[in-house]
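> Here's my sequence, what's the structure:
(chains A, B, C and D)
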There are 2 protein chains.
Amino acid sequence: MSARYLQIASELRLAVDRGEYPIGSLLPSEGELAARYGVARGTVRQAVALLEREGVVTHRQGARRTVVGAVPTQSFAEMQSFSMWAVSQGHVPSARVLHKEVRRVTGADVERLNAPLGEEVLDLRRVRLLDGVAVMVERTLYAGILAEHVLAMELTEGSITERLTESGFVYAHADHRIDAVSAGVVEAELLGVRRGSALLRQRRVTTSPSGVALEWSDDRYRADAVTITVRNSMSENTLARLSARGPGRARQVARPGPVGSSVGVF
Amino acid sequence: MSARYLQIASELRLAVDRGEYPIGSLLPSEGELAARYGVARGTVRQAVALLEREGVVTHRQGARRTVVGAVPTQSFAEMQSFSMWAVSQGHVPSARVLHKEVRRVTGADVERLNAPLGEEVLDLRRVRLLDGVAVMVERTLYAGILAEHVLAMELTEGSITERLTESGFVYAHADHRIDAVSAGVVEAELLGVRRGSALLRQRRVTTSPSGVALEWSDDRYRADAVTITVRNSMSENTLARLSARGPGRARQVARPGPVGSSVGVF
DNA sequence: AAGTGGTCTAGACCACGTA
DNA sequence: ACGTGGTCTAGACCACTTC
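Predicted coordinates:
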């Protein structure tokens, strides 16, 4: 049986979805909820803290919590895996392999993917399709410990992440860097768009619970295929906006180079 | 004086930055920290929970927490305000006003900005500059209650958000939708890039603690000017990836339209 | 088996918002 | 002034990891 505070959070979440607590209305007080569910106030606080992190309610010290609505956040796994995401959205995902190679991390990888120089990795490049339409080109470097597992898999369908999870690898953390790039010749061809058109790029480093990096990836989406959403709040911010040419304190944006040029071969 | 758990979190964060707890090392146990700081274990748990949400440490039930490193997250205010962000990064922000008008929300706004039809708003469009270079075009709709305050301000420098905060308006929540678009003729001209080149678009709805929307905005950055970063974890996810043409369950991506076309007049 | 984090209790006092 | 959330205590038991 799951923890009591998770049950309470679920019940409250459902009640919000059902419209029992309409958007803009106030949640009952912690004391009242504690009495209603027969638990200590601390347990209720765990439940509402969870809803707050999910963006369902807000807090203002001294006043009751306000319902701000249900949010379309996804599980960590769905954010990590294109396949799992696609299935959860009712689409049929697939892939076409472009390149597959075990090698060591080079200088170019360090810059592009933040991967540590010299590490042995599996370099996998694929085109990803949604209901048969190419929407993304991805390049993923899998850490050495994952390489043999991935190499043994069918790579054109199903979720690599899901199968790695079943093999006992746990993904715990991910850092995402999101920006826009222009499609190069190769990408334009693969995605069926014009050269130079806008792509949404998501670069990601995923780590295990003990902090070991498992994957470095560079995904480039057709601009019309996806939108990434983030919700943040005063009490909770995992977002940052960075100058593209270095983390601040410098004048590096003072004279930007030409924009709209090709980003080269993917 | 700030809360004890915040002090403890700060001390631990500094200790990590100083290298006292190197990346990959284990944090002392909760019991030990409680003894060291002379507080109850619950207080220590509040502190480490904060560090966990910030992405500094991970958790694994039964094992000590692992240090995964310091992260460049920004305050909520810095994410909300271009000016405050720029200053914090060591740049000089400024703005040029393109359009300023009090009017009612139209159908086009609803689609573009998720604003409620018919609401009275201040429509402000500006070009934003970093150290004198145009890097972003923004369109912001300010809720009626903010309009008179904003109209009374100097709009070419300084932070509107900051001044509204000083006037007592509190920003508590923000929903961000991030994608890539191609520069239209007007945007290309304003930003000094080629027509059709990639822009990073960030659309945002900001709400007060009581859930009332204060601002709807559409910011379009030169692709070479900024990167947005997000950190998420298994226990904490505020991220979602959406099909651009509706929230899933549909076949709407099956036959995407032409990509790379102009997005029209900003 | 021992250590550690996860959950929960029952109570206390303080800071803030509302009226 | 009162209600409500924010913080903190001291102790308990369980689930999981590690040895």
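> Could I get the full set of helices for the stretch 51-200 of chain A?
Here the stretch 51-200 of chain A has its helices, by DSSP state H, counting those that start in this stretch, at A:76-80, A:82-88, A:107-113, A:144-151, A:160-166, A:185-191.
> which stretch among the ones you listed comes nearest residue B:102?
helix A:76-80 (39.6 Å; CB to CB). Just so you know, the C-beta spots here come from the backbone N, C-alpha and C atoms, and that holds for glycine as well.
> Just name whatever secondary elements the closest one is in contact with.
With contacts taken as 3 or more CB pairs under 8 Å, 6 or more residues apart in numbering or on different chains; DSSP states H and E, helix A:76-80 sits against helix A:82-88, helix A:160-166, strand A:173-182, strand B:226-233, strand B:239-243.
> again, only using 7 Å
Packed against helix A:76-80 by the contact rule (3 or more CB pairs under 7 Å, 6 or more residues apart in numbering or on different chains; DSSP states H and E) you find helix A:82-88, strand B:226-233.
> Run through the strands of chain A in chain order.
A:57-60, A:63-67, A:93-104, A:120-130, A:133-143, A:173-182, A:198-207, A:213-222, A:226-233, A:239-243 (DSSP state E).
> Count the residues that sit near the residue in the stretch 1-150 of chain A that chain B sits nearest to.
Closest to chain B within the stretch 1-150 of chain A is residue A:89: 3.4 Å, counting by CB to the nearest CB. Applying other CB atoms under 10 Å in any protein chain shown, we find 20 residues neighbouring residue A:89.
> now swap in the one 3 residues further on and tell me
In terms of burial, residue A:92 registers 14 neighbours under the definition other CB under 10 Å.
> Now for it: which residues touch it?
Residues near residue A:92 by CB atoms under 7 Å, 6 or more residues apart in numbering or on different chains: residue A:131.
> now do residue A:23
By CB under 7 Å, 6+ apart, the residues touching residue A:23 are A:67-69, B:211.
> pLDDT value on it, please?
Looking at residue A:23, its pLDDT is 87.
> low pLDDT regions in the stretch 101-250 of chain A?
A:112, A:244-250 (pLDDT under 70).
> could you point out the longest helix in chain A?
Of all segments of type helix in chain A, defined using DSSP state H, the longest is helix A:4-18.
> residues in contact with it?
A:21, A:37, A:39, A:43-44, A:46-47, A:50-51, A:56, A:67, A:70.
> anything in that helix near DNA strand C?
Yes. Under the criterion of CB under 7 Å from any atom of the strand, DNA strand C is reached by helix A:4-18 at A:4-6.
> Which positions in the stretch 51-200 of chain A make contact with chain B?
A:53, A:55, A:58, A:60, A:66, A:68, A:72-76, A:79, A:85, A:89-91, A:130-131, A:133, A:135, A:172-182, A:193-194, A:196-200 (CB under 7 Å from any CB of the partner chain).
> Within reach of DNA strand D, which of the residues you listed are there?
Near DNA strand D, judged by CB under 7 Å from any atom of the strand, the entries from those are residue A:60.
> Give the PyMOL command for selecting the buried subset of the residues of the stretch 51-200 of chain A next to chain B.
Buried residues within those, by 16 or more other CB atoms under 10 Å in any protein chain shown, are selected in PyMOL with:
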select buried, chain A and resi 53+55+58+66+68+73+74+76+79+85+89+91+130+131+133+135+172+173+174+175+176+177+178+179+180+181+182+193+194+196+197+198+199+200
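> Need the phi and psi values for the residue of the stretch 101-250 of chain A at minimum distance from chain B.
Closest approach between the stretch 101-250 of chain A and chain B, counting by CB to the nearest CB: residue A:197, at 3.0 Å. Torsion angles at residue A:197 (phi, psi; degrees, to the nearest 10) stand at phi -80, psi 160.
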